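> this one's sequence-less:
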């Protein structure tokens with residue numbers, strides 16, 4: 001069965017007709033030409049397809065496109081529009097990933113970056129993770145970042161740089177600037 005939907009992708013309103021079984025990932029990549037979300041496992045286990053929908057992280061390979069009718073979807077390509085104050089045109093998370101060399105082959109990077117944006121927003125809102133100690137305000141230490149990013153796999157094992165990149169981005173988002181390497185912790 002076909003259905004016409006409207007999706008706001010990276011700030012642009014897009015209308016398309018999709019089969020009701022089409023995933024958001026396939027609609028983005030094959031129908032709209034938005035290739036930053038990657039098809040990794042196609043089972044929701046790797047996070048390479050992570051996008052923001054309504055500001056929340058979703059795995060686009062497990063999300064039917066028809067459920068996104070009217071939704072605001074942001075991919076790694078659209079993150080810079082969410083940070084217009086950036087001098088270099090990059091979102092602070094994108095800048096931190098570059099500064100910390102938090103990628104190798106780059107295949108998972110768009111999903112990692114989008115997931116980090118969502119995770120940092122969740123953290124800023126005070127949402128606990130499985131490792132958050134409820135007795136104190138949470139700290140964005142290595143364990144907290146690793147838990148919040150655990151749904152995103154990197155085949156190259158760049159985690160040693162991904163965690164500091166997320167911490168660095170958190171400082172940048174909090175201070176509205178670009179922190180020094182020491183400020184990232």
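Structure received. Here the structure is a predicted model, which means the values were calculated and not measured. Residues are numbered from 1 along each chain as shown.
> which one is the most centrally placed residue in the chain nearest to, not counting chain neighbours?
Centroid-nearest residue in the chain: residue 114, 1.2 Å away (criterion: C-alpha atoms, centre = their mean). Closest residue to residue 114 apart from its sequence neighbours, by C-beta to C-beta, 6 or more residues apart in numbering: residue 50 at 4.8 Å. C-beta: built from backbone N, CA, C; applies to glycine.
> and the one you found, what's its pLDDT?
If you check residue 50, the pLDDT there is 98.
> ok, back up a step: for the residue nearest to the centre of the chain, what are its contacts?
37, 50-52, 57, 74-76, 79 (C-beta atoms under 8 Å, 6 or more residues apart in numbering).
> swap the cut-off to 6 Å and go again
50-51, 76 (C-beta atoms under 6 Å, 6 or more residues apart in numbering).
> just for this structure, where's the confidence low?
The chain contains residues with pLDDT under 70 at 83-86, 135, 177-185.
> just the helices in it please.
24-26, 92-99, 109-124, 142-148, 159-175 (DSSP state H).
> of all these, which one comes closest to residue 133?
helix 142-148 (9.4 Å; C-beta to C-beta).
> show me which residues of that closest one are buried.
144-145, 148 (16 or more other C-beta atoms under 10 Å).
> ok, so of the contacts of residue 114, who is nearest residue 163?
Closest to residue 163, out of all of the contacts of residue 114 and judged by C-beta to C-beta, is residue 50, at 16.9 Å.
> how many residues are close by the closest one?
By the criterion of other C-beta atoms under 10 Å, residue 50 has 30 neighbours.
> so how far is residue 169 from the residue nearest to residue 34 when sequence neighbours are not counted?
For residue 34, ignoring the flanking residues on the chain, the nearest one in space by C-beta to C-beta, 6+ apart is residue 28 at 4.3 Å. For residue 28, the distance to residue 169 equals 24 Å [C-beta to C-beta, to the nearest Å].
> more neighbours: which of those two?
residue 169 (29 against 26).
> for the more buried one, give me its contacts.
So residue 169 contacts 92-93, 96 (C-beta under 6 Å, 6+ apart).
> can you do 10 Å?
In this structure, residue 169 makes contact with 91-97, 99-100, 102, 113, 116-117, 119-120, 140, 178-179, 184, judged by C-beta atoms under 10 Å, 6 or more residues apart in numbering.
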